[in-house]
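Participant: I would like to see how this sequence folds:
(one chain, ligands or ions: 1)
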Amino acid sequence: MPVFPSRRVRETPFTPGVRAAGAKAFTVYNHMLLPTVFESLEADCAHLKRHVQLWDVACERQVSIKGPDAERLMRLISPRDIGRMQADQCYYVPCVDAAGGMLNDPVAVRRGPDHFWLSLADSDLLLWALGVATALGLDVEITEPDVSPLAVQGPKAEALMERVFGPEVHDIRFFRYRELPFEGRTFVVARSGWSKQGGFEIYVEGAEYGMPLWDALFAAGEDLNVRAGCPNQIERIESGLLSYGSDMRRENTPYECGLGRFCNSPDEFIGRAALAREVANGPKRIIRPVEIAGEPLGTPTNVWPLFADGRQVGQVTSVAFSPDFGVNVAIGMVDRSHWDAGTQLEIVTPDGMRQALVRDRFWN
Ligand code: THG
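Facilitator: The predicted structure is shown next:
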């Protein structure tokens, strides 16, 4: 079931490399191709934990917010303390509507006093930013620039990055960035990425630099066993990294998603009153790691309901069999009455009813 690319379902600057490396499946994310499997989920995961991978995550599109009112707009649309963000810093920022519902969970990158990028999860947040800015008559320019993130992930990412960008990469702290040269250009290089195996993200500015950088990293990493990879469904569930659209949506608040620690803004941001009420009452349900017993399960294409005493008390939205932990690992949303670690539930899967255990910690 190959995906038919078009102007709407966009290829990326790295697509030639991804195809040549033998991507077996793609999904569509921000109207762009995102590879999901190379060898197999299990083999890709094992390699990621031991070596280093290049990930085409160009689909993490940037919304550029630039101009005299850029910080004002950022303070309105993020519940996080944007005012404290340093010049070289990245912030994970849940964005919410007036009712406190999640609209996206981007990584914000401060490019300057009056310039931010929002590195999006899968929803059209540009339209929201544009709507807020237009309604309030803010002096900002909002665009989707020609910037394509390339992630370098895995325990050998440090060694590979040093060979291409120099020893300065060692000085980049978590969720900080430096502008480092490549073939006469400089790129934002941040220590971040959608895995817990360590690594960097290079924000490649200018599509024409995509394949030259891809090829340079491959050539430099041959003895490090570098391979093409992609966000891995097993590893990211083990790590508790949430996927917007799957694990949480507009019907969820950041507190339900365990993202309350990123909602510390002193400003009058959109959704402030709703989130204050949520803090006062406590969330009704919460994201939980869930272990599902039995044979390896496939991936859900819709919610799998969780039951206790014949009543639905939650749902599971991401599942993978973990070879390292020997169980089906899953991300669920569980009602307050049943969210305590150690609670045994039943889950309806396409393979029938299974036992499900609510855990307090993710695996990685
Ligand atoms: N990198 C960049 N853009 C992105 C993602 C990314 N856009 C889409 C998607 N991923 C956005 N969602 C997330 C979710 C989790 C994290 C980053 C982006 C993440 N979380 C860490 C954690 O939960 O442990 C650290 C958060 C922190 O402490 O600030 O990394 O991956 N460019």
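Participant: got the residues of the protein near the ligand?
Facilitator: 60, 92, 105-107, 119-121, 149, 175, 192-194, 201, 241-242 (CB under 6 Å from any ligand atom). For every residue, glycine as well, the C-beta is placed using N, CA and C.
Participant: out of those residues, who has the most neighbours?
Facilitator: Counting neighbours by other CB atoms under 10 Å, P149 leads those with 28 neighbours.
Participant: tell me what that one is bridged to.
Facilitator: Going by DSSP bridges, P149 is paired in beta bridges with Y203.
Participant: ok, now the one 4 residues further on?
Facilitator: With DSSP bridges applied, the residues forming beta bridges to Q153 are Q53, G199.
Participant: so what's G131 up against?
Facilitator: Shown in contact with G131 (CB atoms under 8 Å, 6 or more residues apart in numbering): no residues.
Participant: mind running it again at 10 Å?
Facilitator: Contacts for G131 (CB atoms under 10 Å, 6 or more residues apart in numbering) come out as I142.
Participant: how close does the residue of the chain most remote from its centre sit to I286?
Facilitator: Centroid-distance maximum for the chain: D309 at 34.8 Å, with CA atoms, centre = their mean. For D309, the distance to I286 equals 20 Å [CB to CB, to the nearest Å].
Participant: try N364
Facilitator: In terms of CB to CB, N364 sits 19 Å off from I286.
Participant: who touches the residue sitting nearest the centre point of the chain in this structure?
Facilitator: The chain has W194 as the residue nearest its centroid, 5.3 Å off, counting by CA atoms, centre = their mean. Taking CB under 10 Å, 6+ apart as the criterion, W194 is in contact with 55, 57, 60, 107, 121, 149, 151, 153, 201, 230-232, 235-236, 239, 241-243.
Participant: equivalent analysis for F218, please.
Facilitator: Neighbouring residues of F218 by CB under 10 Å, 6+ apart: 17, 20-21, 54, 160, 226-228.
Participant: if we go to 7 Å?
Facilitator: V226 (CB atoms under 7 Å, 6 or more residues apart in numbering).
Participant: that one sits in which helix or strand?
Facilitator: For F218, the host element (DSSP states H and E) is helix 210-220.
Participant: thanks a lot, catch you later.
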